[in-house]
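**Q** sharing a model prediction with you, sequence too.
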Amino acid sequence: MNPEKLLIICYSFPPAPGIGGRRWAKFANYLHRSGLDIQVLSAQYNGSEKSEWQKDILALEKDNRLNYFNPNYPGILQSVPENWIQKFKYHFELRVLKKRVRGNFYDRSSLCKKSLLTSVEKFVKQGYINIIISVGPFYYSKYLLEIKKTHPQVKLFLDVRDPWTNNKTAFGYWNLTKKRFAIEKQAETEVANGYDKIFTVADEMGDYFIKEYGLNKHKVITIKNGFDTADFAHVKLKKSEKNRLLFTGNLYQKAEKSFLILVDQLKKLKSENSDFFKHYECHFYGEIHPSFATYFSPEINLFFHGRIPLNEVFIKISESVACLLFLTDDLNFSFSTKFYEYLSQKKPIIVFSLPGPTGIFIETQNLGKQANADNLIAILKEVESESFYQGELDIAEFDVKNLTNKLLIEIGFKD
């Protein structure tokens, strides 16, 4: 068998929409372009909405490198019901699902075991014995351990984009009963110990696996998300507008406390210094939780515009004088995709969160400021000064092309 064959499993790979497919669309694209023999396996997607990163998979699609398994997860549970019929179907399917799934019934990979393993078995027999699986969703990573039992030559690599059982922001883990949570914890334990290497997007996420399961630190590697210069290489960027602050991406419900720091400070600024207040506007592009809608108002210069195409995102970033990050309390170490998009355009970053690693990094690298309940006015007064952004950080290490080389080394395909 040729050892330099790689199977990538990513549940939400394009054409499925959403940020979950972005990381591996980028890596798969560059791995394929490097000449590596790869196959991609993802969950079947039958919706009409397409991924922002569709262009990244064109060559893979042309060369027949995209493959699909049946997730068997009820379609009605993958969207918000809009009328009473949909609500009835939603709650009916949810009751059925709770009986079928012993662990986290919100995990969309919880019912795909048979179809996933059938597909993976086929590729292993073709020599694809190096397998990377991206989580979340999480539970399907446990199923792969059965492949390793029957094919001990297989090497399994876990790529962790989000926390699993210590996740307080997404995937519904904070709502699980003790019994269901214990099942998820057992699955995480088996995966942590059974996989050959674990990749994470942040050092803190890797430290969790090392401390929680006593893993060798050489088994847990940080490979960050990064930016792709191809996303903006042909975009006609604009000059920054002195009064525009920008947020792009998803604003999650659990980030409400951080978001309210901005809202309260804008109200305070309007009350205490109305002339200065008029100089700044905050523009949001992307998706927000419905509960945030009432906060947006011209009265406080806070505007929400919805989703826009990726090339327009970079135009809006270029127009801004500074960019905004809102982190949840448990993820104040997060360096999200939007962070690297801001970084790629060398824009100052204002982070709203509990003090933590992200804010410390931004300030120590002179990339921006950590906001709190009292200092936004002071920050805005610094925004246009030359001292606000003096970043000397070599951002080349965060280029996806360079991160792909690191990935190849860690898999063992490159020295």
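**A** In hand now; what should we look at? Fair warning: this is a prediction, and the values are worked out from it, not measured in the lab.
**Q** what is the mean pLDDT for stretch 54-62?
**A** Averaged over stretch 54-62, pLDDT sits at 96.
**Q** stretch 7-26 too?
**A** For stretch 7-26, the mean confidence score works out to 95.
**Q** quick one: end-to-end length of it, please.
**A** Distance between the two ends of stretch 7-26: 15 Å, counting by Cα to Cα, to the nearest Å.
**Q** what kind of secondary structure is residue 71 in?
**A** coil (DSSP: H, G, I helix; E, B strand; the rest coil).
**Q** how about the contacts made by it?
**A** 11, 43-44, 108-109, 111-112, 115 (Cβ atoms under 8 Å, 6 or more residues apart in numbering). No exception for glycine: its C-beta is placed from N, CA and C like everyone else's.
**Q** can you put the residues you listed in a markdown table and add neighbour count, secondary structure and distance to residue 410?
**A** Listed next are the contacts of residue 71 as a markdown table, based on neighbours: other Cβ atoms under 10 Å; DSSP: H, G, I helix; E, B strand; the rest coil; distance: Cβ to Cβ, whole Å:
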| residue | neighbour count | secondary structure | distance to residue 410 |
| --- | --- | --- | --- |
| 11 | 27 | coil | 22 |
| 43 | 23 | strand | 25 |
| 44 | 12 | coil | 30 |
| 108 | 23 | coil | 27 |
| 109 | 26 | coil | 24 |
| 111 | 20 | coil | 31 |
| 112 | 23 | coil | 27 |
| 115 | 16 | helix | 29 |
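**Q** of these, which is the nearest to residue 408?
**A** Proximity of the contacts of residue 71 to residue 408, judged by Cβ to Cβ, is greatest for residue 11, which lies at 22.9 Å.
**Q** could you list which residues are in contact with that closest one?
**A** Residue 11 makes contact with 20, 42-43, 71, 108-109, 134, 136-137, 140, according to Cβ under 8 Å, 6+ apart.
**Q** also residue 375?
**A** The contact partners of residue 375, taken as Cβ under 8 Å, 6+ apart, are residue 369.
**Q** how close does it get to residue 352?
**A** Plainly put, residue 375 is 11 Å away from residue 352 if you go by Cβ to Cβ, to the nearest Å.
**Q** do residue 329 as well
**A** Distance of residue 329 to residue 352, computed by Cβ to Cβ: 12 Å.
**Q** between the two, which one's more packed in?
**A** Neighbour count, other Cβ atoms under 10 Å: between residue 329 and residue 352, residue 352 has more, with 23 against 14.
**Q** thought residue 57 was touching residue 25?
**A** Yes - if you go by Cβ atoms under 8 Å, residue 57 and residue 25 touch, sitting 5.8 Å apart.
**Q** so what sits against both of the two?
**A** Counting by Cβ under 8 Å, 6+ apart, the residues touching both residue 57 and residue 25 are 13-14.
**Q** more neighbours: which of these two?
**A** residue 25 (26 against 23).
**Q** name the element the more buried one belongs to?
**A** helix 22-33 (DSSP states H and E).
**Q** mind listing what's buried in that helix?
**A** By 16 or more other Cβ atoms under 10 Å, the buried positions in helix 22-33 come out as 22-32.
**Q** likewise for stretch 166-184?
**A** 167, 169-171, 173, 176, 180-181, 183-184.
**Q** and if you look at stretch 256-272?
**A** 256, 258-259, 261-263, 265-266, 268-269.
**Q** kindly report the same for stretch 312-328.
**A** So stretch 312-328, judged by 16+ other Cβ under 10 Å, has buried residues 313-314, 316-328.
**Q** please parse the chain into its domains.
**A** For the chain, automatic domain parsing gives the domain ranges 5-226+399-411, 230-395.
**Q** among these, show the one with the smallest mean pLDDT.
**A** The weakest mean pLDDT among the domains of the chain belongs to domain 230-395, with a mean of 89.
**Q** what's the end-to-end length of that domain?
**A** 15 Å.
**Q** distance of the residue in the chain sticking out farthest from the centre relative to residue 245?
**A** Centroid-distance maximum for the chain: residue 275 at 38.5 Å, with Cα atoms, centre = their mean. Residue 275 sits 18 Å away from residue 245, going by Cβ to Cβ.
**Q** what do you get for residue 329?
**A** 23 Å.
**Q** repeat that for residue 283.
**A** Taken as Cβ to Cβ, the span from residue 283 to residue 245 is 7 Å.
**Q** so which of these two has more stuff around it?
**A** Under the neighbour definition other Cβ under 10 Å, residue 283 and residue 245 were set side by side, and residue 245 has more, 22 against 19.
**Q** quick one: contacts for the closest residue to residue 18 other than its chain neighbours?
**A** Once flanking residues are discounted, residue 18 sits nearest to residue 12: 5.7 Å by Cβ to Cβ, 6 or more residues apart in numbering. Taking Cβ under 8 Å, 6+ apart, we find residue 12 in contact with 18, 20-21, 42-43, 45.
**Q** tell me the one of the residues you listed nearest residue 162?
**A** Taking Cβ to Cβ as the measure, residue 20 is the one of those closest to residue 162, at 8.9 Å.
**Q** let's have the contacts of residue 71 in CSV, adding distance to residue 412.
**A** Listed next are the contacts of residue 71 as CSV, based on distance: Cβ to Cβ, whole Å:
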residue, distance to residue 412
11, 25
43, 27
44, 31
108, 31
109, 26
111, 33
112, 28
115, 29
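**Q** between the residues you listed, which sits nearest residue 335?
**A** Once Cβ to Cβ is applied, the member of the contacts of residue 71 that ends up nearest residue 335 is residue 11, at 22.1 Å.
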